[in-house]
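# Any chance you could fold what I've pasted below:
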Amino acid sequence: MEFIIENRLKELAPSLSLGILTATIKNSPYNEQLWDEIKTTEEKILNKYELSQMNQISEIAAVRATYKKAGKDPSRYRGSSEALIRRILNNKGLYQVNTIVDINNLVSLETKCPVGSYDLEKLTFPFVFRIGEEGEVYKGIGKEEINLQGLPILCDQRGPFGSPTSDSEGSMITLDTKQIMMVIISFAGETNLNAALNYAKKLLHLAQSNHVNSYIIV
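Purely as a prediction, here's the structure:
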C-alpha cells in the first residue's frame with residue numbers, strides 16, 4: 001500500500017510518524033466490554049490531567065506546534081486527541097458511535113495522538129499526507145465544510161479524506177464497513193507507535209478482526 005508523507009509537511013514536523021493498520025472487521029453498534037475499558041480510561045484521565053495541562057502533553061504540544069508553523073490556529077482547529085481529552089475533562093464523557101469508531105477514539109485517548117479510521121473500500125491508492133492548499137474543503141463528520149488550507153491532510157487519488165482535526169463524511173466508518181484503515185498520527189516521533197498499534201490490534205479483536213496488517217511510516 002503506497003503511503004507517503006510530503007516533504008513540505010515533513011519539514012514542518014521532522015519527527016512526524018504514522019502508524020498504519022488495515023483489517024477486515026465486523027462492526028457493531030455497541031460493545032459492552034469496550035465501554036468498560038473506555039470508562040476506565042476516562043477515569044484515569046480525570047485523575048491525571050487538568051485543562052491547564054494540555055500544552056504539557058508532548059504529543060498534543062507537537063500537534064499544536066505543527067499547526068502554528070503551517071499557519072493554522074491550534075486553539076480553533078484542535079487535534080482530535082486534544083478535543084477528546086478536553087471533552088472528558090469538561091465532564092461531557094466520550095460520545096458513543098459504533099464499535100470501530102469507539103475503538104478509534106479509545107486509541108486516541110490512550111496514545112494522546114490524533115487517530116483516524118476509514119472505510120478502505122471508499123478510498124483509492126496511493127495515499128499522501130500533506131499540507132492543505134487554498135480552496136480545499138470537505139464536509140466534516142457531523143460538521144459543516146472544513147477549511148483545509150494549512151491543515152495536515154490525508155489524501156487519496158481523488159483528494160482529501162482526513163486530517164488530525166476532523167475527517168470527511170466521504171470515508172467515514174458505518175455499520176456496513178468491512179475493511180478499515182486506521183492511521184495513528186504521531187507528531188512527536190515513532191517511539192511509542194509499535195505499542196499503539198499492538199493496543200489497537202488487541203481492541204480490534206472485539207470487532208472479529210482478521211487479515212490485520214500494520215506498519216510505520218517515518
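
# top helix in this protein by residue count?
Ranked by residue count and defined by DSSP state H, the top helix of the chain is helix 32-48.

# Just checking the distance from that helix to the centre of its chain.
In terms of Cα atoms, centre = their mean, to the nearest Å, the centre of helix 32-48 is set 18 Å apart from its chain centre.

# now stretch 172-192
The answer for stretch 172-192 is 6 Å, by Cα atoms, centre = their mean.

# Identify each buried residue in it, please.
Buried residues in stretch 172-192, counted by 16 or more other Cβ atoms under 10 Å: 172-173, 177, 180-190, 192. Glycine gets a C-beta too; all of them are placed from N, C-alpha and C.

# ditto for stretch 4-19
For stretch 4-19, burial by neighbour count (16+ other Cβ under 10 Å) applies to 5, 9, 12, 13, 16, 17, 18, 19.

# next one: stretch 63-82
Neighbour-count burial for stretch 63-82 flags 63-67, 70, 72, 74, 77-82 (criterion: 16+ other Cβ under 10 Å).

# roughly how far apart are residue 210 and residue 24?
Noted for residue 210: a distance of 5 Å to residue 24, by Cβ to Cβ, to the nearest Å.

# and the two? which has more neighbours close in?
Taking other Cβ atoms under 10 Å, residue 210 and residue 24 do not tie; residue 24 has more neighbours (15 against 11).

# For that one, list the residues it contacts.
Under the criterion of Cβ atoms under 8 Å, 6 or more residues apart in numbering, the contact list for residue 24 reads 178, 179, 209, 210, 211.

# Could you export the residues you listed to TSV, including columns for secondary structure and distance to residue 58?
Formatted as TSV, the contacts of residue 24 follow (DSSP: H, G, I helix; E, B strand; the rest coil; distance: Cβ to Cβ, whole Å):
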residue	secondary structure	distance to residue 58
178	coil	36
179	strand	33
209	coil	30
210	strand	34
211	strand	33
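
# Please convert the residues you listed to a markdown table, extending it with pLDDT.
Output for the contacts of residue 24, formatted as a markdown table (pLDDT from 0 to 100):
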| residue | pLDDT |
| --- | --- |
| 178 | 98 |
| 179 | 98 |
| 209 | 98 |
| 210 | 97 |
| 211 | 98 |
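
# Of those residues, which is the nearest to residue 198?
Using Cβ to Cβ, residue 209 comes nearest to residue 198 of those, at 13.0 Å.

# Can you show me the strands along this protein?
For the chain, the strands defined by DSSP state E occupy 3-5, 17-24, 115-119, 127-131, 137-139, 145-147, 152-156, 159-162, 179-186, 210-217.

# if we can go back for a sec, tell me the one of the buried residues of stretch 4-19 nearest residue 218?
Nearest to residue 218 among the buried residues of stretch 4-19, with distances taken as Cβ to Cβ, is residue 17, at 4.6 Å.

# Which strand residues bridge that closest one?
residue 186 (DSSP bridges).

# from what I can see it touches residue 189, true?
Yes - under the criterion of Cβ atoms under 8 Å, residue 17 makes contact with residue 189 at 6.0 Å.

# list the contacts for residue 99?
27, 28, 29, 30, 31, 34, 206, 207 are the contacts of residue 99 under Cβ under 8 Å, 6+ apart.

# got it, and residue 45?
Counting by Cβ under 8 Å, 6+ apart, residue 45 has contacts 85, 88, 89, 109.

# One more: residue 16?
5, 9, 10, 66, 129, 185, 186, 187, 218.

# Lovely, talk soon.
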